[in-house]
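Peer 1: missing the sequence, but the structure's below:
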């Protein structure tokens, strides 16, 4: 089963698990990766820019890791197979960074709007005490976890397959993905308002979903701008086309010029064949995606899965 997991999802699972094990081992040596790589408040002396990336691969406990990795495996496999590896990885990391930015902004606004706010913190010696929220942010606030990026993946699944029915324990009937995602968003919003002291970064979860939503909406409105090929490849392709055009314009003793009718006809014929082949390939992929929406990914044959995987590698 592990061999069938797409490459980026598989490596994200491995990296998160390895870092979690490393965190546990280093804690025996009094070294805290959470303190080093966790996301601190931007006004704290412990804050570093690299923490927007590193916090995504750290977790506060086994349960935290288990739920995040299960959701990543469950929804990430499908989304990566549809989008391709490069686009999926860019989306995952970007939404994780966006979740961190959203959390930082929410913390700063809370500090500014409620200057007299106090929060309850646990004491090492036992019991709890209340300290000013500003002191909590400067000296104690520290966020870890892939939840922001994982919630963005959940949102992507709901937007790609809004009518796909999924089972949610303990509900006895399947729920459409769009309602599943909307329900999670509402739960996180309510929790962010009324459960501010539960130790969970609900605002970051919402931030990841918001960044994901905006990114997908942008990609949908700019279909030629999202990872069909890299910008660098486009640049060099345009550069080669420009040079070829110039060389044909000024003549080439060993080849046909751009004005040669034979050259123009062969080029047009090649373009027509390429476009026809591209349309046929896209029609096949669309048919596979429709089958996934109707019957789920597991309903695909081995050949269809291979076809979808090969198409994702070309993106």
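Peer 2: Yep, that arrived. Everything numeric here is computed off the predicted structure, so don't read it as measured data.
Peer 1: below-threshold pLDDT in the stretch 101-250 of the chain: ranges please.
Peer 2: Flagging of the stretch 101-250 of the chain using pLDDT under 70 yields the residue ranges 196-198, 224-250.
Peer 1: do a quick rundown of the helices in the protein.
Peer 2: 7-27, 33-37, 51-54, 62-83, 85-113, 133-139, 147-160, 177-194, 202-221, 231-250, 261-295, 302-313 (DSSP state H).
Peer 1: distance to residue 119 and mean neighbour count added to those helices, as TSV?
Peer 2: The C-beta positions use only the backbone N, C-alpha and C, and glycine is treated the same way. Formatted as TSV, these follow (distance: least, CB to CB, whole Å; neighbours: other CB atoms under 10 Å):
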stretch	distance to residue 119	mean neighbour count
helix 7-27	25	16
helix 33-37	19	17
helix 51-54	21	18
helix 62-83	21	19
helix 85-113	10	20
helix 133-139	5	18
helix 147-160	21	26
helix 177-194	15	16
helix 202-221	15	20
helix 231-250	45	11
helix 261-295	45	12
helix 302-313	45	14
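Peer 1: what's the closest of those helices to residue 168?
Peer 2: helix 177-194 (6.4 Å; CB to CB).
Peer 1: identify the residues contacting that closest one?
Peer 2: 151, 154-155, 157-159, 161-166, 168, 175, 198, 200, 202-203, 205-206, 209 (CB atoms under 8 Å, 6 or more residues apart in numbering).
Peer 1: between that helix and helix 62-83, how big is the angle?
Peer 2: Put simply, helix 177-194 runs at 140 degrees to helix 62-83, going by axes from the mean of the first three to the mean of the last three CA atoms, to 10 degrees.
Peer 1: what about the helices of the chain, which gets the closest to residue 121?
Peer 2: Taking CB to CB, helix 133-139 is the member of the helices of the chain nearest to residue 121, at 6.6 Å.
Peer 1: just how off-centre is the closest one within its chain?
Peer 2: Distance, stretch centre to chain centre, for helix 133-139: 30 Å (CA atoms, centre = their mean, to the nearest Å).
Peer 1: helices or strands up against it?
Peer 2: Contact analysis of helix 133-139 by 3 or more CB pairs under 8 Å, 6 or more residues apart in numbering; DSSP states H and E lists helix 85-113, strand 118-122 as its packing neighbours.
Peer 1: which pLDDT value goes with residue 21?
Peer 2: If you check residue 21, the pLDDT there is 97.
Peer 1: swap in residue 303?
Peer 2: Residue 303 is given a pLDDT of 81.
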